[in-house]
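Q: need coordinates for the following:
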Amino acid sequence: MYLAKNELKCVNSISHEGKVVVFATDNQGKIYYTIKQDGYEDSYGSTEVTGWENWDLLSFPDETPDSSVMEKEAEELTYGEDNKYLLRSRYQTESLTAVEPIQCVSGLGHLYVFRQSTGHTLLIDRFVLDGLTNKLVRKLEVRFKRSKQKHKPLENTNNSLTNSLGLVDSLDFRDTESNPFYEPTTEISLVNHLQNGWFSVVLLPTNEHEKYRWHIYAYNVQTKRIEITSIRAASDGLFDVKDETVLEPKAGEPETLIPRSIPGIIQRSLNLKDLTITQGLSATKYDTQIERAVQGGTQLLKESTKVLLAVATDQGTATLSFGVAGDGTLAELDENPVFNLLRNDAREILLPLNTLDEIKAIGDSTPPPQGTITGMARTDEDLVQITSKQAQKLQYGDVVKIEGTHHYNGHYTANKIDDHTFEIEANWSGNEAGQWELISEEESGLVFDGIITAYELTEDGKIRVISPNHGLEGGDEVQIINTQTYNDSYAVTDIQGDRFTVGIPWQPGEAVNLKLASRKRRGVSFDGKQDYIAIPSVPLK
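A: The predicted structure follows:
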């Protein structure tokens, strides 16, 4: 069986979505294709060669350029003083195909056709396979249907006199006359000085879902070297030149993630030294396997992904195998490579002074140490000693915040336990005495407070507060913490087992004091003095 076609120069084939597609380039640079039938096509059995479609011309863009796209790419995709393009969109490439072999890639739902241009750059077009007609259709794109531009809509023309809605531009795959919007050709200008179609393209996956990276191996006739251009694949399947930041586990500390920036474009030059390339090159992806014992025998499992580059030289075929990292980048061959930054849009931004103050944390993956207070007592040094099973999480000098403590001010009936302890008939206000939480240095550094040493009542009925070096001015607002509880932030001065001591003096007036108001009713002599019995701030159960 022969697929007859006159004046063919180059032939290539690929399997796409279960069908075999054969491409042929004639001596005028036109590309034809034919697809092997599987029996479900509308044209099955009606072709000249049974089982294959008739040759069909592969169409390329020949349209009016989109000015909005050209302006955007001139601003974002150029580099250097002479504004060279990294890549750009081309809308008239039907006659720009060089009479050289093409390369095809099947992936991401499309069939990619890579061809050398007459200007020795690389052109990329992608097609969609119509399985019923066995036709390769150019990829459609979305534009504004009235302006026919991708980034600029037609200005709104509301008619205010008649209060009617004028022409409102909207996004669509077709214009107002139902003409489809086809995707333009992408030219990778960074891959230049091509010769004889000596290039090869590989699409590699990454360890992130549905994220890939393109790798283009091309022979540069000017430098006589093989250039490896790696470009991150965009979400739409084309090319994204912007850098990407990924989080990776720190060596030896897998729970700690550190950021790493991956360039959008990486271009390297491969020098084969004494070898002369004679018949081009080819690259392909392959997986290494390892044999593992499983139930019932052995099984081959995928171990890693690599790329094999084969180059035809005057001394035979040279091969190089590149390891592939999880982010889709290739292993480096030179221990000390020289880096050249083509384009960098990093800029310093001056933020308002209160920007960082207004940032609020959504959550903390590592909450600070905290615990439950089960008891509070007075030490010999008139400090507050707190009992908590989680006290071993603290260190000397830590600042803790105490909250949830309760007071029991009121009149109660006392039941003597011994000469130092008694119980009162009161409802327990909680299962525990309170909670404590460690305060980080950043948070504690923002707290400004002072010490109140005394209060006194003035003649006009106001309260005068004694606080040395308070630093206040007239009209300032202050907050006075309730002296009936110990809710505040304190520094830990001592830790003993399940107890820790905070550096505040024990203030008897803040303990739960009991006034013996029932003596007078029992006929006990009372001399008019106010008798108080000091008890622990947290009663026993």
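Q: is it true that residue 321 touches residue 310?
A: No: counting by CB atoms under 8 Å, residue 321 stays clear of residue 310, with 10.1 Å between them. Backbone N, C-alpha and C define where each C-beta goes, glycine included.
Q: more neighbours, those two?
A: Neighbours per residue (other CB atoms under 10 Å) separate residue 321 from residue 310, with residue 310 holding more: 14 against 11.
Q: remind me which helix or strand that one belongs to.
A: Take DSSP states H and E as the rule and residue 310 turns out to sit in strand 297-313.
Q: now do the phi/psi pair for residue 177.
A: phi -100, psi 10 (degrees, to the nearest 10).
Q: likewise for residue 392?
A: Main-chain dihedrals, residue 392, degrees, to the nearest 10: phi -70, psi -10.
Q: could you do residue 178 as well?
A: phi 70, psi 20.
Q: please report how far it lies from residue 63.
A: 16 Å (CB to CB, to the nearest Å).
Q: neighbour count winner among these two?
A: residue 63 (13 against 9).
Q: and the closest residue to residue 379 other than its chain neighbours, how close does it get to residue 269?
A: With CB to CB, 6 or more residues apart in numbering as the criterion, residue 379 has its nearest non-adjacent residue at 5.0 Å, and that residue is residue 385. For residue 385, the distance to residue 269 (CB to CB) stands at 71 Å.
Q: and what of residue 64?
A: Distance, residue 64 to residue 269, by CB to CB: 38 Å.
Q: so for the two, which sits in the more crowded spot?
A: residue 269 (13 against 8).
Q: in three-state terms, label residue 114 for me.
A: Classification of residue 114 using DSSP: H, G, I helix; E, B strand; the rest coil returns strand.
Q: quick one: it and residue 103 touch, right?
A: Yes: shown here, residue 114 and residue 103 form a contact pair, counting by CB under 8 Å, at 4.3 Å.
Q: joint contacts of the two?
A: 199, 201 (CB atoms under 8 Å, 6 or more residues apart in numbering).
Q: where does the stretch 251-400 of the chain have low pLDDT?
A: Residue ranges of the stretch 251-400 of the chain with pLDDT under 70: 337-338, 346, 356, 358, 360-366.
Q: and the strands in it?
A: Applying DSSP state E, counting those that start in this stretch to the stretch 251-400 of the chain gives strands spanning 253-262, 265-270, 277-294, 297-313, 316-323, 370-373, 375-378, 383-387, 399-403.
Q: mind listing what's buried in the longest one?
A: Meaning strand 277-294. The neighbour-count check on strand 277-294 (16 or more other CB atoms under 10 Å) flags 277, 280, 281, 282, 283 as buried.
Q: kindly report the same for stretch 113-127.
A: Those would be 113-117, 120-127, for stretch 113-127 by 16+ other CB under 10 Å.
Q: relative to the whole chain's centre, how far out is it?
A: Mean-position distance between stretch 113-127 and its chain equals 32 Å (CA atoms, centre = their mean, to the nearest Å).
Q: and stretch 334-348, by the same measure?
A: For stretch 334-348, the distance to the chain centre is 22 Å (CA atoms, centre = their mean).
Q: excluding chain neighbours, what is closest to residue 313?
A: That would be residue 275: by CB to CB, 6+ apart, it lies 4.2 Å from residue 313.
Q: quick one, what contacts residue 57?
A: The contact partners of residue 57, by CB under 8 Å, 6+ apart, come to 30, 31, 32.
Q: oh, that last question was meant for residue 73, not what I typed.
A: When contacts are counted by CB under 8 Å, 6+ apart, residue 73 touches 85, 88, 89.
Q: and the nearest residue to the second one once chain neighbours are set aside, its phi and psi?
A: Setting aside the residues directly before and after it, residue 88 is nearest to residue 73 in space (CB to CB, 6+ apart), at 5.0 Å. Here the main-chain torsion angles of residue 73 (degrees, to the nearest 10) amount to phi -70, psi -30.
Q: same question for residue 264.
A: Dihedral angles phi and psi of residue 264 (degrees, to the nearest 10) take the values phi -70, psi -40.
Q: same thing with residue 201?
A: Note on residue 201: its backbone torsions stand at phi -120, psi 140 [degrees, to the nearest 10].
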